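1. model this:
(one chain, ligands or ions: 3)
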Amino acid sequence: MAQQVRGVVAHKKGEPVTVETIVVPDPGPGEAVVQVQACGVCHTDLHYREGGITDAFPFLLGHEAAGVVESVGEGVTDVAPGDYVVLNWRAVCGQCRACRRGEPWYCFNTHNAAQKMTLESGQELSPALGIGAFAEKTLVHAGQATLVNPAARPEVAGLLGCGVMAGLGAAINTGKVGRGDSIAVIGCGGVGNAAIAGARLAGATTIIAIDVDNRKLEWAKEFGATHTINSRENDPVEGVQALTDGNGANVVVDAVGRPETFTQAFYARDLAGTVVLVGVPTPEMRIELPLLDVFGRGGATKSSWYGDCLPSRDFPLLIDLFLQGRLPLDKFVSETIGLDDVEEAFHRMERGEVLRSVVVL
Ligand SMILES: NC(=O)c1ccc[n+]([C@@H]2O[C@H](COP(=O)([O-])OP(=O)(O)OC[C@H]3O[C@@H](n4cnc5c(N)ncnc54)[C@H](O)[C@@H]3O)[C@@H](O)[C@H]2O)c1
Ligand SMILES: [Zn+2]
Ligand SMILES: [Zn+2]
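-> Ligands and ions are numbered 1, 2, ... in the order given. Below you'll find the model as predicted:
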């Protein structure tokens, strides 16, 4: 029997989201229905609402979630009803060319539920990142539900499902920041501050936070920034060079994703250093760089999709570090809100008042 629950839907580009009745089918083969306990508001939800990701409206938003498995379909063996899980958007297939090369974090054929959740009218919904968890219950592929230690409360654990994992992984997995390295992070929202926390965990000694908002820079210090630069007041490239003996940082993470921040990242790194782009650009954005600088500065410019994470490897490990007091995941939770407050949470995010608003159900 399909169930009816409440969920947050974006119907049209740029229009406020609304809470609607969502029809959630029983799980089919390989699927699971998860009772959502908490779901963070990520900037990517706003990108969906703005039509910046695809045109496949209506969207069921929300994708940074933790909850309890309610039921599973045929053939599901990895999770069972009652299990405490964090939802992920990288249920790897094990068969595509990336998986076969032993690089499953690039999996090109990740699993999502085969059935569709719908509105009461029967209109099919596009779940954000194949999850759709601003809802009391959601239908996912069972591989999208990763078991973690239930000692971590849902509003904290769920954040690993997207932005915090993306930031931590951008520094640790993609940027390969290590002991004694210098790193600069441009854009210190949930994603950027997670990159800062990751850099501290990995042993970086110079951690430079860059933002246009002083509130974000204050928070960045709590996550491990050793220096801060307000790039509205000071040139960030010169600032990073001044803090790194004139050289630039070993790794620069762009957690904004705009041509000007990417260019800053490109020039703020040391020769042979690494630029990591984790912020998501929009389709009309362009960059122009002297090709000689691309060659002459050496190193690498890399994109980081979901922090190059492998959920089954990384979620339990990061939850353990949190429970041991070595990773302050709880500091990302600025406020807990209800399903009806998502639109207002978008505005608070735009005004820079929060790192994460988390819907608690
Ligand atoms: N690659 C991935 O897998 C992945 C995953 C999650 C989110 N994201 C993307 O990461 C980006 C950040 O997400 P978030 O949730 O942290 O957003 P956020 O809105 O919480 O944070 C963005 C931060 O950037 C700052 N900022 C804006 N313009 C700036 C500029 N020109 N220079 C310096 N700082 C600037 C803002 O003040 C804010 O602190 C978004 O584009 C989001 O879509 C990517
Ligand atoms: Zn694959
Ligand atoms: Zn996200």
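2. show me what stretch 204-218 is in contact with.
-> With contact meaning Cβ atoms under 8 Å, 6 or more residues apart in numbering, stretch 204-218 is reached by 171, 177-189, 192-193, 196, 199-200, 220-221, 224-232, 236, 239-240, 243-244, 249, 264, 352-353. Using the backbone N, CA and C atoms, a C-beta is placed for each residue, glycine as well.
3. now, the residues you listed that are in strands?
-> S182, I183, A184, V185, I186, H227, T228, I229, N230, A249 (DSSP state E).
4. and the contacts of stretch 204-218, which of them are buried?
-> For the contacts of stretch 204-218, a neighbour count by 16 or more other Cβ atoms under 10 Å gives the buried set as 171, 177, 181-189, 192-193, 196, 199-200, 220-221, 224-231, 236, 239-240, 243-244, 249, 264.
5. follow-up on the earlier one: give me the subset of the contacts of stretch 204-218 touching ligand 1.
-> I186, G187, C188, G189, G192, S231, G352 (Cβ under 6 Å from any ligand atom).
6. quick check, the second one in contact with A255.
-> Yes. Taking contact to mean Cβ atoms under 8 Å, the distance of 3.9 Å between G187 and A255 places them in contact.
7. shared neighbours of those two, anything?
-> Taking Cβ under 8 Å, 6+ apart as the contact rule, the neighbours common to G187 and A255 are G279.
8. any idea how far P81 lies from ligand 2?
-> To ligand 2, P81 is 27 Å away according to Cβ to the ion, to the nearest Å.
9. give the contact list for that residue.
-> V69, E70, S71, V72.
10. and S231, what does it touch?
-> By Cβ under 8 Å, 6+ apart, the residues touching S231 are I186, I210, D211, V212, G239, Q264.
11. among the contacts of P81, which one sits closest to C42?
-> V69 (22.3 Å; Cβ to Cβ).
12. quick one, helices of this protein?
-> Here the chain has its helices, by DSSP state H, at 43-49, 97-100, 154-157, 163-169, 190-202, 214-223, 236-243, 259-268, 291-296, 311-323, 342-350.
13. report pLDDT for the residue in the stretch 151-300 of the chain positioned nearest to ligand 3.
-> Closest contact between the stretch 151-300 of the chain and ligand 3, by Cβ to the ion, is at C162 (3.1 Å). We note a pLDDT of 96 for C162 in this prediction.
14. cool, E335 as well?
-> Note for E335: predicted pLDDT of 97.
15. wait, S312 sits on T146?
-> Yes. Between S312 and T146 there is a contact under Cβ under 8 Å: 5.8 Å.
16. nearest to T336, out of the helices of the chain?
-> helix 154-157 (5.7 Å).
17. would you mind writing the CA trace of the closest one as PDB?
-> Extracted as PDB, the C-alpha positions of helix 154-157 are listed here (Å, rounded to 0.1, in the frame of the first residue of the first chain):
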ATOM      1  CA  PRO A 154      20.000  12.600  13.200                       C
ATOM      2  CA  GLU A 155      20.300  16.300  12.700                       C
ATOM      3  CA  VAL A 156      24.100  15.900  13.000                       C
ATOM      4  CA  ALA A 157      24.600  12.600  11.200                       C
END
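18. which residues touch F134?
-> Contacts of F134 (Cβ under 8 Å, 6+ apart): G7, V8, C39, D45, L60, L61, G62, L339, V342, V359.
19. let me see the contact set for whichever residue of the stretch 51-200 of the chain sits closest to ligand 1.
-> Nearest to ligand 1 in the stretch 51-200 of the chain, going by Cβ to the nearest ligand atom, is G189, at a distance of 1.8 Å. Going by Cβ under 8 Å, 6+ apart, G189 touches H43, G163, K216, A255, M349, L355.
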